[in-house]
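A.B. asks: Kindly generate the corresponding structure for this input.
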Amino acid sequence: MATTKNSTENFSMDDFDALLAALSAEDLEKVNDIIDPENSYLPASERCKQQTSKDSTGPYDRTKLLEFLTEQGKNEKDWDHYKSYVPGEKKGKVWQAPAVTKPSQDEDDEFMVSTEWDDVLTNANESEIVELAAILGFTGLINQVQYHAALTDKGLPSTVGGWNAAARSEPLRIIPPEPDNTTDVEDCIKRAKANETGFTRININNIKEVKADVLKELLNSLKENTHVETLEMANVGMTDTVGRVLAELLEANSTLKIVNAESNRLTGLIVSEIVRSTTKNQSLLELRLSNQRSQILGNRVEMEVADAIAQNNTLLRLNLQFDTLGPRVRVTEKLKQNLDALRKIRMSNKQ
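C.D. replies: Below you'll find the model as predicted:
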């Protein structure tokens, strides 16, 4: 194979210096323009050529520079004005809004078609107009009493005013508080152990005097029960020890459909354990665990809950607050899939 010698093999720096010495000042300037300033082989101080032809005035002095700029601004001549400034005088053409021509009444009537509703509205009295506005949802034109009276078909009372009735406050109606929950927990334990046929719902919400041992006994009595389908234990002061028994109950009982344990003192780990226990029997439809002692469960607990829900094919509702987007979306999508599967089963049974 033929080889070519490098063109710089016989090159000498003396020849290069002699060539530069023969160039004039103008030729050297042209050579400097050709040199690439981004060449990494050149030192940083020589990559940009000197473009200042004036002599140096010495080190930087801010005070002298400001004085020089001030004097230069005073000595420079202002711009020439073709017309002297007069305060308040408007120069140029003043803008005026174009005139708007309103169509006459005859032109509008040409495109309007009379209907049977024109006669109805023309002959309607004030109370009928108010009732029609309430039905159509024009709540800004009527007050609250008129709106609810029209929706409930009770008729407008004579004291509510007419079409232009001003909004006014209604007299305060004192609603008595709900009575305390009088459910006998001991009786519930006996009936659960006896496995009574008509005993399908246990509601001990808001009973705070129940001891932890009694709650454990109640949950243990439901492990072999085959009739109770709803268990409501909201705001009963449930702690983690009772929460573990609740998780054991969900693993042992396949009859429960709804469990409500909101507003208690459960931690995130116990909440995760309770949700995980629902995957064994795959029979629970609704689980409520929000508003616990630890308001923020944490990313780790939320991921465990999402993994458990992903394995549950029957749960339809989960009342639990998620602060992380990923687990919340996963749980929502899984519950949608469970609802859709239930809908398909229901539709196939109808056919």
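
A.B. asks: Tell me where the chain has strands.
C.D. replies: 201-203, 230-232, 258-260, 286-288, 317-319 (DSSP state E).

A.B. asks: The fourth one: partners in the sheet, and parallel or antiparallel?
C.D. replies: Strand 286-288 has its sheet partners listed here by DSSP bridges as strand 258-260 (parallel), strand 317-319 (parallel).

A.B. asks: could you give the mean pLDDT of the first one?
C.D. replies: The predicted model gives strand 258-260 an average pLDDT of 96.

A.B. asks: picking up where we left off before, closest one to Ala22 among the strands of the chain?
C.D. replies: strand 317-319 (90.3 Å; Cβ to Cβ). Just so you know, the C-beta spots here come from the backbone N, C-alpha and C atoms, and that holds for glycine as well.

A.B. asks: List the buried residues of that closest one.
C.D. replies: Residues of strand 317-319 classed as buried under the neighbour-count rule (16 or more other Cβ atoms under 10 Å) are Leu318.

A.B. asks: what sits up against that strand?
C.D. replies: Outside of strand 317-319, the residues within contact range by Cβ atoms under 8 Å, 6 or more residues apart in numbering are Glu262, Val275, Leu285, Glu286, Leu287, Arg288, Leu289, Ser290, Ile309, Val331, Leu335.

A.B. asks: One more: stretch 272-290?
C.D. replies: Applying Cβ under 8 Å, 6+ apart, the external contacts of stretch 272-290 come out as 234, 243-244, 246-248, 250-251, 253-263, 266, 271, 297, 301, 304-305, 308-309, 311-321.

A.B. asks: right, so of the strands of the chain, which gets closest to Lys93?
C.D. replies: With respect to Lys93, and counting by Cβ to Cβ, the nearest of those is strand 317-319 at 68.8 Å.

A.B. asks: Report how many residues lie close to Lys344.
C.D. replies: A count of neighbours around Lys344, defined by other Cβ atoms under 10 Å, yields 10.

A.B. asks: how far away is Tyr60 from Ala44?
C.D. replies: Tyr60 sits 21 Å away from Ala44, going by Cβ to Cβ, to the nearest Å.

A.B. asks: partners of Arg201 in the sheet?
C.D. replies: As assigned using DSSP bridges, the partners bridged with Arg201 are Thr230.

A.B. asks: Next, the contact list for it, please.
C.D. replies: Counting by Cβ under 8 Å, 6+ apart, Arg201 makes contact with Val228, Glu229, Thr230, Glu232.

A.B. asks: Can you tell me which of the residues you listed is nearest Leu23?
C.D. replies: Glu232 (100.3 Å).

A.B. asks: so who does the closest one touch?
C.D. replies: Contact analysis of Glu232 by Cβ under 8 Å, 6+ apart lists Arg201, Ile202, Asn203, Ile204, Asn205, Ile258, Asn260.

A.B. asks: Could you rerun that using 10 Å?
C.D. replies: With contact set as Cβ atoms under 10 Å, 6 or more residues apart in numbering, Glu232 has these partners: 181, 183, 201-206, 258-262, 288.

A.B. asks: Please tabulate those residues in JSON lines, including the columns distance to Leu172.
C.D. replies: JSON lines is the format used below for the contacts of Glu232 (distance: Cβ to Cβ, whole Å):
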{"residue": "Asn181", "distance to Leu172": "27"}
{"residue": "Thr183", "distance to Leu172": "32"}
{"residue": "Arg201", "distance to Leu172": "35"}
{"residue": "Ile202", "distance to Leu172": "37"}
{"residue": "Asn203", "distance to Leu172": "31"}
{"residue": "Ile204", "distance to Leu172": "33"}
{"residue": "Asn205", "distance to Leu172": "28"}
{"residue": "Asn206", "distance to Leu172": "26"}
{"residue": "Ile258", "distance to Leu172": "36"}
{"residue": "Val259", "distance to Leu172": "38"}
{"residue": "Asn260", "distance to Leu172": "32"}
{"residue": "Ala261", "distance to Leu172": "36"}
{"residue": "Glu262", "distance to Leu172": "30"}
{"residue": "Arg288", "distance to Leu172": "33"}
